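1. Structure for this input, please:
(3 chains)
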Amino acid sequence: MAEFLQAAIIGISLGAQYALLALGFTLIFGILGVVNFSHGGFYMLGGYVAYSCVAGLGLPYPLAVIVAVLATAALGWVFELFLLERLVDDHLATLMLTLGLYLVISTGLLTIFGPLSMEFAFPVTGALHLGSIYVPRENLIVLVVCLAAIAALWLVLFRTDLGRGLRALANDRAVAMAQGLRPKLLFPLAFAIATGLAGLTGALVTPILSLSPGVGDPVLATSFLTVILGGLGSLEGAALAAFVVGIVEAFTSVYFGGSIGALVLFVLVLLLLAFRPTGLMGRTVRGA
Amino acid sequence: MKCRLFAAALCALPVLPVATTAFAQNCELKIGAMGPMSGGAAQWGLAMNSAAELAAAEANQEGGVKMGGKTCKVTVVPYDSKYTADGAAAGSNALAAQDIHLIIGPVGSPEATGIKPVAARNEQVAWNAAYAKNALEPKFPLMFHIAPGPAAWADAVIKRAKQVFPMKSVALIAPNDQGGTDIASVDAEAYKANGITTTEEYYQRGTTNFAPIVTRILAARPDVVDTASSPPGDAGVIVKQLRLAGFTGAIGRLGGPGTDEIIRVSGGLDVLKDFYWFETIPTGDPKVQAIDDEYKKLLGKDPVGGTAVWADLPAARMTLKAVSIAGTDDAKAVAAALRTLPVEDPNIGKGYWGGKKQFGIAQELQFPFGIGIIKDGKNLGVERQEPKPE
Amino acid sequence: MRKQIRLLGWTELVALLLLATGFVVPMYTRSVLVYSVLNQIFVGVIAAESVWIMLRMNLLSFATPAFMAIGGYTVAIAGQHDITDAFAMTAAAFILPALVAIPLGALVLRLRGTYFVLVTFVLSQIMQLLLFETPGLTGGSNGIAGVPPVTLLGTEMGSNRLVLQFACGLAILATLITGLLTRWFRQHFAAIEENEILAESLGLVVWRYKAMGFVVAAGIAGLAGYSLVNMLLTAHPSSFDSSTAVDFIAYTIIGGRLSILGPVLGTGALVYATNLFGTHGQYAQGLYGVLILVVVLAARGGIVGTIAAVWRRVS
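-> This is a model prediction of the structure:
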């Protein structure tokens, strides 16, 4: 029983981490129609910027996280405005551009910081123990930030003019543009919000796990899995699916081991999509 | 305009290698350094490169390597073989195309598998550092092995660890690919031979959060958890999460180097608490540590790759020594000269040629190695272990 | 059909001609690098053509490594039992993945767009794990080493030159099959690519052509796996990692999706670049990334698209 509860707790904390990643990924896909292969790059970048602020400039950790968010958002904004924007309607070209950017980011980080993991610790450590069950304090913080980020994103998208504009562009770009919405202004902004979210996740999660060039590789696969399971472009779906993936991963790994656990997770996703071809909450389908 | 830029970029590509060879000296000895130099295992490949660079710089400081009356300047050509069989095979060919017959590397088991037949066809000496069960084979006599796998040292480490940390059961954890399974399974046999029950747990490479696997391992209540050949970054997270889950037993590491990194990632010695590990070479020895200073002096920068550089260095040095004995960089001649060389390194000490028992071919460097122990959060250092001749 | 369909167009012929030059190259040079790069190109071209077939129907597939693994391991396992006949192995490497693709296609072809992308991505992840979890059959994480060279009409294709020429032959065969398929169903594929729902409502039995494309693409990928195993004499899980799918997709897109020349030229350019950049050690990946950025930004429609645009301007 203790093991069962423990698996559930781990699943939720995995879910929080995946949700933060998936929100940005699904935002970019939903609004721009771009499959962002560089998502893991912004995750790593967030981690390294936060690390540099703490270790190099001596900033307090929360401030470093904010700097990391701003820096990754700024880079995302610049990348969208100057490179991605030119080819934004060609899905294959944008896929290649984000892939190229990812390779450049990871090589840059490897060259600047070297291949070894950094000494970068989360300021809050330890766990709350309830009998034989434990909840790491740092995971609670990530969960709170994750819920806050979901709430903030929801408010922006559904309660502001900016959000209405973004959603209109996501629904039907042609009509939205005919009504005077300017994608040239809104697309870079949406991309910046999404990469900022990836940077936030990196700044929060890499000190809990580890920070080295290469930690961005699995991010893409996870975000991909989560977003599709949730239904493309659906924020609620992505958030829900993130927790489903987290919990399934936790239970299968605890009860079947890491290797078979991953196999079970993939087969479950395959079957689910076979029976619900647009994911848990997806509606529209875009061409790839 | 755009087109012209694109064309210019494309045209510039083939010029790059031409430009570097055009300015080369009359006599130049090129050696290859191969391994993963990008991605999660980048440090191992970059360490190979640093080791080869240092050996080359040392030789050049003496004026170069003597080859048939001429003294040749040594240069190192790196190749990123990406931890795959194909990458290493392509690398062997790419280096052969530059007339390179001597390769320091590759690193991983998949790479060793990929390079063996190709390097044999290209007539190249290659020094792999893989712990694969078939790292050497009698039918590939040009393949050498930088350091022995767990079959040679696991028993000694376990015997020493048992004295410090009494144990009856151990759980081994490693990635589910060849880099993990080939080591953890040999480690497990060594534990069993010492009367310790074992469980093996394999995770998918790319796993970042080990909390579920830690929960699974701890359900079996092992006395000790061994992180085997998990990459140091992964092992650091595993240690951190084991301690967070309330595990108080000792943690072992019968795998590759990287303890400094594990200490950094896990959150320090206080978190690590009780830890024992295998070091490819006695890293506690000041003479071994002096390698980094020498690198900095000769190359004006820090070596990349941590203590793995120290472990890879003797192979590079001995290769260049063998070239000067053979008077050529022809692979067969260099290999023959290597076999006659005593296993010796100015920084590390004396060792033996081994591998006859495990692989049927004695082309493995067996140098003194190290057993490190951290007890109650205090680093007791790395004890030097002399190898025994087979 | 209104008019007679030509079996092969000039683009296919040019592609075949380009590949065929690979057959004569070994007679003029003994350079290992030329051999090595050409051999990698021949493997890559086949894999990229598998991706390209699916792209003709507006489906981006990451499943290529999974089917390559089936083809490659089929040959490796047969080799362990001393079955090395080139014709039998070529047939097996094509047919087995194609057979596996039939039930899988029924499952995944209902998905469209990015959903299909992900499912194929999951398929190749599953294949990788299956290889690890079946050590008895596939050698598990160690793979199968020492696969014997193929025999063609009693001759063992053991030397570098024969291995290269055999790989060239496989690439030509794959290009022929791909060319015939995409020419024959040119209008059907184009209709699906343009607007699948419209095509269906106009009476085109869409699933039939999609299934056909998927199955043939799987068979072609199997040939790529065969060629790869034959080049390395090893079937290793790391050769069929899901991340390699990205490479094949890059070959196709950088080359240009307009015609079959795209995968051929794209593979040639990027494989050459990979080998060139490899000797720059830790900068290899970054240089490759910059190359992709530059080509995508400077050359719309890939290499083929740019050549076509230049041609139009000149004439």
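2. contacts and neighbour counts: CA atoms only from here.
-> Will do.
3. is chain A contacted by the longest helix along chain C?
-> Ordering each helix of chain C by length in residues (DSSP state H) puts helix C:206-232 first. No: for helix C:206-232, no contact with chain A is found by Cα under 8 Å from any Cα of the partner chain; the gap never falls below 14.9 Å.
4. buried sites along that helix?
-> C:206-207, C:209-232 (16 or more other Cα atoms under 10 Å in any protein chain shown).
5. Could you list every helix and strand in contact with it?
-> helix B:85-97, helix B:109-122, helix C:32-56, helix C:64-80, helix C:86-108, helix C:160-184, helix C:186-194, helix C:196-201 (3 or more Cα pairs under 8 Å, 6 or more residues apart in numbering or on different chains; DSSP states H and E).
6. Tell me the first helix or strand C-terminal of the helix or strand of chain B with the lowest mean pLDDT.
-> Ranked by mean pLDDT, DSSP states H and E, the helix or strand of chain B with the weakest confidence is helix B:2-22, at a mean of 42. Per DSSP states H and E, the first helix or strand lying C-terminal to helix B:2-22 is strand B:28-35.
7. Direction included, what does that following strand pair against?
-> strand B:70-80 (parallel), strand B:102-104 (parallel) (DSSP bridges).
8. how about a markdown table for those strands, with mean pLDDT added?
-> Shown next, in a markdown table, are those (pLDDT from 0 to 100):
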| stretch | mean pLDDT |
| --- | --- |
| strand B:70-80 | 93 |
| strand B:102-104 | 96 |
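9. Please identify the most buried of the ones you listed.
-> strand B:102-104 (a mean of 30; mean count of other Cα atoms under 10 Å in any protein chain shown).
10. With respect to chain A, which of the helices and strands packed on helix C:206-232 lies nearest?
-> helix C:86-108 (5.8 Å; Cα to the nearest Cα).
11. Follow the chain on from that closest one and name the next helix or strand.
-> Taking DSSP H and E, what comes next after helix C:86-108 is helix C:113-133.
12. What pLDDT does the model give residue C:2?
-> Looking at residue C:2, its pLDDT reads 42.
13. how many neighbours does the residue lying closest to residue C:133 once chain neighbours are set aside have?
-> Of all residues not flanking residue C:133 in the chain, residue C:140 sits nearest, at 6.2 Å (Cα to Cα, 6 or more residues apart in numbering or on different chains). By other Cα atoms under 10 Å in any protein chain shown, the residues close to residue C:140 number 22.
14. and if you look at residue C:31?
-> Neighbour tally, residue C:31, other Cα under 10 Å: 13.
15. what does residue A:83 give?
-> So residue A:83, with other Cα under 10 Å, has 16 neighbours.
16. what's near enough to touch the one residue sitting closest to the centre of chain C?
-> By Cα atoms, centre = their mean, chain C has its centre lying nearest to residue C:47, at 1.3 Å. For residue C:47, the contact set (Cα atoms under 8 Å, 6 or more residues apart in numbering or on different chains) comprises C:64, C:68, C:220-221, C:224, C:248.
17. cool, and residue B:278?
-> Residue B:278 neighbours (Cα under 8 Å, 6+ apart): B:157, B:253-257, B:369-372.
18. wait, is it part of a helix?
-> No: going by DSSP: H, G, I helix; E, B strand; the rest coil, the assignment for residue B:278 is strand, not a helix.
19. helix/strand/coil for the nearest residue to it once chain neighbours are set aside?
-> Nearest residue to residue B:278, sequence neighbours excluded (Cα to Cα, 6+ apart): residue B:371, at 4.9 Å. What three-state DSSP gives for residue B:371 is strand.
20. List the residues that contact residue B:371.
-> Neighbours of residue B:371 in contact, by Cα under 8 Å, 6+ apart: B:157, B:276-279, B:282, B:382-385.
21. And for residue C:190?
-> By Cα under 8 Å, 6+ apart, the neighbours of residue C:190 are C:56-57.
22. same deal with residue C:102?
-> Residue C:102 touches C:211, C:215, counting by Cα under 8 Å, 6+ apart.
23. swap the cut-off to 10 Å and go again
-> Residues in contact with residue C:102 (Cα atoms under 10 Å, 6 or more residues apart in numbering or on different chains) are C:211-212, C:214-216, C:218.
24. Ok, residue B:156 next?
-> Here residue B:156 is in contact with B:150, B:190, B:278, B:371, B:385 (Cα under 10 Å, 6+ apart).
25. Mind picking the two most distant members of those residues?
-> Using Cα to Cα, those span at most 17.6 Å, a distance reached by B:190 and B:385.
26. hmm, back to that, now, the most widely separated pair of the contacts of residue C:47?
-> Taking Cα to Cα, no two of the contacts of residue C:47 sit farther apart than C:220 and C:248, at 12.9 Å.
27. Report pLDDT for residue 114.
-> Picked chain A for this. 90.
28. my bad, chain C
-> 76.
29. what's the span of stretch B:195-214, first residue to last?
-> End-to-end span of stretch B:195-214 (Cα to Cα, to the nearest Å): 24 Å.
30. That stretch - what's its average pLDDT?
-> The model assigns stretch B:195-214 a mean pLDDT of 92.
31. In it, which residues are buried?
-> Buried residues in stretch B:195-214 (16+ other Cα under 10 Å): B:196-206, B:208-214.
32. Those: which ones sit near chain A?
-> Residues of the buried residues of stretch B:195-214 in contact with chain A (Cα under 10 Å from any Cα of the partner chain): B:200-206, B:208-214.
33. Which single residue of the stretch 51-200 of chain A ends up nearest chain C?
-> residue A:100 (3.9 Å).
34. Any idea how many residues pack against that residue?
-> With other Cα under 10 Å as criterion, residue A:100 counts 25.
35. hmm, back to that, okay, residue B:190 and residue B:385: which has more neighbours?
-> Legend: neighbour count by other Cα under 10 Å for residue B:190 and residue B:385, higher for residue B:190 (23 against 17).
36. List the residues that contact the more buried one.
-> By Cα under 10 Å, 6+ apart, the neighbours of residue B:190 are B:150-159, B:184, B:196, B:198.
37. How about residue B:100?
-> B:29-32, B:76-77, B:92-94, B:122-125, B:329-331.
38. and which of these is nearest to residue A:45?
-> Closest to residue A:45, out of all of these and judged by Cα to Cα, is residue B:77, at 29.6 Å.
39. so that closest one makes contact with residue B:32?
-> Yes: using Cα atoms under 10 Å, residue B:77 is in contact with residue B:32, at 4.8 Å.
40. Give the residues shared as contacts by those two.
-> In contact with both residue B:77 and residue B:32: B:49, B:52-53, B:95, B:98, B:100, B:103, C:279, using Cα under 10 Å, 6+ apart.
41. If you rank the contacts of residue B:278 by neighbours, which is first?
-> residue B:254 (28 neighbours).
42. Distance check, that residue against chain C.
-> 19 Å (Cα to the nearest Cα, to the nearest Å).
43. ok, now residue A:10?
-> In terms of Cα to the nearest Cα, residue A:10 sits 23 Å off from chain C.
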